[in-house]
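Provided below for reference: sequence and predicted model.
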Amino acid sequence: MNTTQALQQLGVSTDALTPEQLRHFDEQGYVIIPDVFSAEEVTDMCAEIDRLQKIEGQYGGHEVHIEPGALRLSNLFNKSPAFDRCLRCAPTLAAAHRLLGEIRVYSLNARNPAKGQGQQPLHSDAPRAYPEDWRVVNTMVMLDDMTEHNGPTRLVPGSHKLVPINVPDVNMAEIDRVQLTPEEEAIVPKDPLARHPREILVTGKAGSIAVINGRIWHGGTRNESGASRRVLHLAIGRRDIPQQFNEREHLTQALHDRAGPAERFLLDIEGATPTVDDPLAIPDDARVWKAAEAVVVDRY
Ligand SMILES: O=C(O)CCC(=O)C(=O)O
Ligand SMILES: [Fe+2]
């Protein structure tokens with residue numbers, strides 16, 4: 001199996017994005033697409049998020065990192081079949097295959113900032129070893145309307161071509177520190193929590209998605225209104241980059257049994273033996289979202 005075959009088997013068309021959408025994604029580093037998931041699909045996924053968040057509470061997200069002020073969940077493919085449909089999210093998979101070549105799931109997380117909270121440092125989700133080292137395509141799947149008031153994602157258009165900043169430590173793979181030249185250092189925001197002069201807010205109706213190049217400078221913002229803002233982060237990685245969440249090591253019998261060949265390929269669980277009885281077991285403590293360090297060098 002390879003990515004082309006897997007996408008074909010899943011009925012995902014590689015021309016799911018129009019030439020105009022592809023151009024926007026290449027040049028601006030993101031594209032917003034309405035009506036990708038139906039109202040029924042959104043309702044189904046929301047019900048599962050609410051159920052899981054009641055169980056996991058403040059430890060939600062512990063498999064990757066927790067974030068005070070925002071409810072998170074991770075390991076969602078193992079926790080509910082409601083999210084299987086994300087493996088057929090055509091715009092994300094088509095954009096990822098085109099940018100990254102051979103791909104697999106990087107992670108599937110959920111995030112919902114609480115009232116008055118949720119401002120994240122402006123960051124990139126992936127580091128780079130060289131300028132065109134594209135590693136991750138991420139997606140904000142909007143399960144509530146995302147408005148200017150309930151903590152929308154902010155991003156800086158075109159910044160995927162700049163040095164990655166404040167990459168979460170869990171995403172660094174083989175890279176110890178992000179290296180940047182003095183010229184690059186000069187453009188790094190001094191206060192990563194502050195509004196960037198060129199940032200825009202990503203908004204859309206429930207069922208819309210925003211597909212982003214994982215290098216784009218982005219982050220969650222403060223939820224001013226307190227209205228629910230459930231978003232899934234469907235992240236797809238280049239197949240040779242370690243997954244943010246290793247699906248093979250966390251495989252449940254249920255996911256193993258229901259996944260077809262193309263889904264097993266995309267999750268990279270082909271031939272894996274399920275070892276986890278209860279994916280909802282809560283640990284005693286969990287790590288908090290943290291950015292990796294950066295270092296200034298003459299050249300890289
Ligand atoms: O949920 C959001 O708006 C963005 C979250 C994000 O970028 C992250 O947690 O890495
Ligand atoms: Fe992010």
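Yep, it's here. The model shown is predicted, which means the values in this text are computed figures rather than measured ones. Ligands and ions are numbered 1, 2, ... in the order given.

Go through this protein and flag its longest helix.
In the chain, taking DSSP state H as the definition, the longest helix is helix 39-56.

can you list the residues of the stretch 101-250 of the chain near ligand 1?
Within reach of ligand 1 by C-beta under 6 Å from any ligand atom, the stretch 101-250 of the chain has these residues: 111, 120, 125, 153, 218-220, 231. Placement of C-beta: from N, CA and C, glycine included.

Outside of the helix or strand hosting Glu27 itself, list whatever touches it.
Using DSSP states H and E, Glu27 sits in helix 19-28. Contact partners of helix 19-28, identified using C-beta atoms under 8 Å, 6 or more residues apart in numbering, comprise 17, 30-31, 33, 91, 95, 98, 157-158, 211, 213.

pLDDT score assigned to the closest residue to Ser80 other than its chain neighbours?
Nearest-residue entry for Ser80: Glu48, 4.4 Å, with adjacent residues in sequence omitted and distances by C-beta to C-beta, 6 or more residues apart in numbering. Note for Glu48: predicted pLDDT of 98.

residue contacts, Glu48?
79-80, 82-83.

Ile200 too?
Contact analysis of Ile200 by C-beta under 8 Å, 6+ apart lists 154-157.

how about the residues you listed in JSON lines, adding secondary structure, pLDDT and neighbour count?
Output for the contacts of Ile200, formatted as JSON lines (DSSP: H, G, I helix; E, B strand; the rest coil; pLDDT from 0 to 100; neighbours: other C-beta atoms under 10 Å):
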{"residue": "Arg154", "secondary structure": "strand", "pLDDT": "98", "neighbour count": "19"}
{"residue": "Leu155", "secondary structure": "strand", "pLDDT": "98", "neighbour count": "26"}
{"residue": "Val156", "secondary structure": "coil", "pLDDT": "98", "neighbour count": "22"}
{"residue": "Pro157", "secondary structure": "coil", "pLDDT": "98", "neighbour count": "15"}
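
State the helix or strand in which the residue nearest to Ala291 when sequence neighbours are not counted lies.
Among residues not flanking Ala291 along the chain, Asn166 sits closest, at 3.9 Å (C-beta to C-beta, 6+ apart). According to DSSP H and E, Asn166 maps onto no helix or strand at all.

give the contact list for Asn166.
In this structure, Asn166 makes contact with 121-124, 192, 291-292, 294, judged by C-beta under 8 Å, 6+ apart.

ok, 10 Å please
For Asn166, the contact set (C-beta atoms under 10 Å, 6 or more residues apart in numbering) comprises 120-124, 178, 188-189, 192, 217, 219, 290-294.

What is the three-state secondary structure of Val295?
strand (DSSP: H, G, I helix; E, B strand; the rest coil).

distance of the nearest residue to it once chain neighbours are set aside from Ala294?
Using C-beta to C-beta, 6+ apart and skipping residues adjacent in sequence, the residue nearest Val295 is Arg177, 4.5 Å away. Distance of Arg177 to Ala294, computed by C-beta to C-beta, to the nearest Å: 6 Å.

any common contacting residues for these two?
Counting by C-beta under 10 Å, 6+ apart, the residues touching both Arg177 and Ala294 are 127, 167.

So what does Arg85 have for phi and psi?
The phi/psi pair for Arg85 (degrees, to the nearest 10) reads phi -60, psi -20.

I'd say it and Leu76 touch.
No - assessed by C-beta atoms under 10 Å, Arg85 is found out of contact with Leu76, at 11.5 Å.

shared neighbours of these two, anything?
With C-beta under 10 Å, 6+ apart, Arg85 and Leu76 have common neighbours Met45.

ok, the two, which is more surrounded?
For Arg85 and Leu76, the more surrounded residue by other C-beta atoms under 10 Å is Leu76, and the numbers stand at 25 against 14.

Give me the pLDDT value at that one.
According to the prediction, Leu76 has pLDDT 98.

Bridged to the closest residue to His218 other than its chain neighbours, which residues?
The shortest distance from His218 to any non-neighbouring residue, by C-beta to C-beta, 6+ apart, is to Leu155 (3.9 Å). Counting by DSSP bridges, Leu155 forms beta bridges with Ile200, His218.

Can you tell me how far the closest residue to ligand 1 within the stretch 201-300 of the chain is from Phe77?
Residue of the stretch 201-300 of the chain nearest ligand 1, by C-beta to the nearest ligand atom: Gly220 (3.7 Å). Separation of Gly220 from Phe77 (C-beta to C-beta): 22 Å.

Might you report the residue contacts of the closest residue to Asp169 other than its chain neighbours?
Of all residues not flanking Asp169 in the chain, Ala292 sits nearest, at 4.4 Å (C-beta to C-beta, 6+ apart). Under the criterion of C-beta under 10 Å, 6+ apart, the contact list for Ala292 reads 123, 127, 164, 166-172, 175-178.
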